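Quick one: sequence and predicted model below, then my questions.
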Amino acid sequence: MCDSVRFSIPEEQEPGILAGSLSKHFPPPYQLLTQEYLWMDKNTGNLYTTDKKMDREALCPEGTKAQECIIQHNAVVGPSGDLILFHVIIEDINDNAPHFGNSEIHLRVSEDVTVGTSFILDDQAQDRDTGRNGDVEYHLEGSDEVFSLKVEDRSFITLAVNTALDRETQEQYQMVLVATDCGSDPLSSTATLIVTVTDVNDNCPSFSSDSPRRVTIPGDSPKDMVVAQVTATDPDSGPNAAIVYSLSPKVSERAKKLFSLHSLTGYIRLRQDLQSDNSEELVLKVLASGLHCPPADTQVTVSVLPRANQEPTIKIGFIAEHQNQTVVISENQPPTVFAVLELEDDSSFKNSSLAIEGEVPFILSPQNGKYLLSTSKPLDYEIKSEHHIPVVLHTRSAKGSVMKPSRYVIRVFVADVNDNAPHFLQSHYQLEVEENNQPGMSLLQVSASDADSGYNGKVTYRLDKHASTIFNIDHVTGQLSVSASLDREQQYVHRLTVVARDSGSPALESIATVTINVVDQNDNAPVFLTQHFIFFIPENVAQFAQVGKVGVIDPDEGKNGNTEVHVINKSEPFVVDNIQGTLRTTTNLDRETEDRYELYLLASDHGHPVSLTSTARVTIFVEDINDNQPKVILPNSNVSCMTVSPETMAGTMITKIYAIDEDSGQNSEITYNVVVQEPEHNSSPFRVDSRSGNVTLVQRLVGNDLGMHHLFIVVSDGGKPAPLHTTVWINLLVNESMEPCHLDSAPTWTGSSDFLVRTTSKDPICEVEEGATWSAQTILLAGLAMMLASICLLVVTAVLYLKQRRRPQRKNEIPLRLKDKYYSDD
């Protein structure tokens, strides 16, 4: 093996690009053992790129930056078939842009950083190319000159601060870091550089302009009432912005007794109930303190007004469940009394009364100086979950003056019961999904809502028990997915029932149906009903005659399942009728020319994007019909003549008639018969065997036999229903001189024209010239001799016939090279 041969080629080349040639190093022929990326011309040794492009970074992932990317190839070269090894160096092109590991680079910088400080950026771009194609340069966009970029030896990059930072002015800077390689046609990529300015404690609290300076409260204000809220701000963040509120030590004891200040929220509240009939003003000096800062201060003046004349109060006695002066009533209950209202301290007032204001499902019924508060109809949580009942107090003073009505609000919460089943947004969902989907694919999300609340309105989803196990639904979100690939040929539609169930007790359910129509893909090639069709057809059938059915099926649908069948070897005289699904002839078939055809069928569908195909083998046997009449080979002419010596012994075979028939089987079985011309008063010393065609002398020749004997032979085949015939003359001259004889013209048949019908196998003869009358004794001897000869010939013929029947049909034919000329040793 030789490994000193090296070729270089840039990566990503188009097919057919010359990479090098082995012809300069080795003699032909050439054979490349692996042809995944390169193929080789076996005569020239030239190497060319294939359709599969070479990616240097994929082929040599470990050495793409510093080393050469070398692919080894083996080839067999030269007449002796030497195995050689040669190297192909894949040269880099700039086909990879720099790549950042993260699309965002985050950096935190303190706002008090010194101008000129630099920070190393760890997230650098990587380029898989090599050399100049893999060298990366950087620049910064959108920095507004606040920051700049420094690159040292391409090994690391730093970000420099050019101007002073102030977090309170701008907390974050967002820039674009651009990485560009140094290739001849440079490629680039970007990452977002986000600089967050961190806080330092460089600001102190100050009271905002909208912080209250003066408030007024009534003299009967209750305990814990919010009087005011002071607000101070610190531009810093986090702990640096924490503010603590306090009252100044200079605040009066009266103010300290009446008011409290929350240190974190700045709320000023009453420490106790006010019972003041006089006006007064109290001044509160509030301090706001920050970390390492002197306190800021503000002043709040509280004016206390004298309390108004006392009105009657309403005492409420709850019968139903209540919490914090709020009644809780379950929905759907019949009208129910849930509270008793009573007026107190109304001695100074006259004609006090209570009434409900507005249209609400409640009534107030006076009874024995009290009022019964009840629902006027069942409440519905889903319509309204909370009611505010406005109760109005109408009073007159002791002096008879009408006082301004007082209003009280009684809150009623309606407790939910599970009286609503979940409700699907739509009762039927329908979607289409292509078969062969990825397992785990999300299909759709069903959604049902429940007007109830809490657990009564919490909906979960499930599939009914009849659903296929390949479908799953998220119990919480209602996301429907399929865990296996769908196959349209197995099931083209899936119908699922989704059950939505709430969490109430007892739980309520509703259902929705999901119909999934599986869309066909061309994933099934056409399939022939058998891989090997065998047909029999008679020869000489009409053009476009049907040979047989060539069934093909494709379980896909639409164009994916529409198939066409074609004959691959178009030189054969057959075509496929795709409408009828049959194989037909395109020309007349002749068994004697071709008795068997082997062809292949190609079935293809009309699928997209790729048509799928399959093949089947077809064997067609052409059956013989009797369309060829026997052809006489010996004698080769009707004027042929043979001289027979009078001394010839009886039983001697004089000559032989030999004929062939190009048909096969029974159609090619030949018999030979002598036709007798009327009147048949003469007897010939010659006999023709009907099977072998042998012409034999059956009796001793006498003086009367001298002269010419013409035998008119009908040669017939065994065809059904009607055999075919041909005729020949056998001309024998009985003469003491053995000189060759010859006829100037062929004998003429003078008998009737229906000799073919009257032909028998008794081998009679026809003589043209008259002979002498034989004696009775001679006739008897000749008859005995002929009988013995006939028996012998019959036995021999039977043996030969049985041997011939055991041979294959085609071997009954005379080889084609003998059809033009035939020689016999008989």
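Perfect, thanks for sending it.

what's stretch 180-196 in contact with?
With contact meaning C-beta atoms under 8 Å, 6 or more residues apart in numbering, stretch 180-196 is reached by 94, 96-100, 102-109, 121, 123, 125, 127, 129, 132-140, 147, 159, 171-179. From N, CA and C alone the C-beta is placed, and that goes for glycine too.

Can I take it that residue 379 is in a strand?
No - under the criterion used here (DSSP: H, G, I helix; E, B strand; the rest coil), residue 379 is coil, not part of a strand.

What's the PyMOL line that selects buried ones from the contacts of stretch 180-196?
To isolate the buried members of the contacts of stretch 180-196 in PyMOL, using 16 or more other C-beta atoms under 10 Å:
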select buried, resi 94+96+97+98+100+105+107+109+121+123+125+127+129+133+134+136+137+138+140+147+159+173+175+177+178+179
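
Among the contacts of stretch 180-196, which lie within strands?
Among those, DSSP state E puts 104-109, 121, 136-140, 147, 159, 172-179 in strands.

send the alpha carbons of stretch 443-453 over as CSV?
What follows is stretch 443-453, C-alpha atoms only, in CSV (Å, rounded to 0.1, in the frame of the first residue of the first chain):
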residue,chain,number,x,y,z
LEU,A,443,-52.6,18.1,19.6
LEU,A,444,-54.9,20.7,21.1
GLN,A,445,-55.9,22.2,24.5
VAL,A,446,-59.5,21.8,25.6
SER,A,447,-60.9,24.2,28.1
ALA,A,448,-63.9,24.1,30.5
SER,A,449,-64.9,26.7,33.0
ASP,A,450,-67.0,26.2,36.2
ALA,A,451,-69.0,29.2,37.5
ASP,A,452,-68.6,27.8,41.1
SER,A,453,-65.8,28.9,43.3
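
What residues sit buried inside that stretch?
Those buried within stretch 443-453 under the rule 16+ other C-beta under 10 Å are 443, 446-448, 450-453.

before we move on, what about stretch 299-319?
Quick answer for stretch 299-319 (16+ other C-beta under 10 Å): 300, 302, 304-305, 311-312, 314, 316, 318.

The residue nearest the centre of the chain: what secondary structure?
Closest to where the C-alpha atoms of the chain average out (C-alpha atoms, centre = their mean) is residue 436, at 4.5 Å. Counting by three-state DSSP, the backbone at residue 436 sits in coil.

Next: residue 26.
Taking three-state DSSP, the label given to residue 26 is coil.

what's the burial count for it?
By other C-beta atoms under 10 Å, the residues close to residue 26 number 19.

and the closest residue to residue 239 other than its chain neighbours, what element?
The spatially closest residue to residue 239, leaving aside those adjacent along the chain, is residue 291, at 6.7 Å (C-beta to C-beta, 6 or more residues apart in numbering). In the assignment (DSSP states H and E), residue 291 maps to no helix and no strand.

mind listing what residue 291 touches?
201, 239-240, 242.

what's the answer for residue 741, then?
By C-beta under 8 Å, 6+ apart, the neighbours of residue 741 are 641-643, 731, 733, 735.

Need the max-distance pair from the residues you listed.
Largest separation among those by C-beta to C-beta: 731 and 735, giving 12.2 Å.

who has more neighbours, those two?
Each of residue 731 and residue 735 has its neighbours counted (other C-beta under 10 Å); residue 731 has more, 22 against 15.

ok, the more buried one touching residue 745?
No - using C-beta atoms under 8 Å, residue 731 is not in contact with residue 745; the gap is 11.0 Å.

what residues do those two have in common as contacts?
Shared contacts of residue 731 and residue 745, counting by C-beta under 8 Å, 6+ apart, come down to residue 639.

Before I go, just wanted to say thanks for your time.
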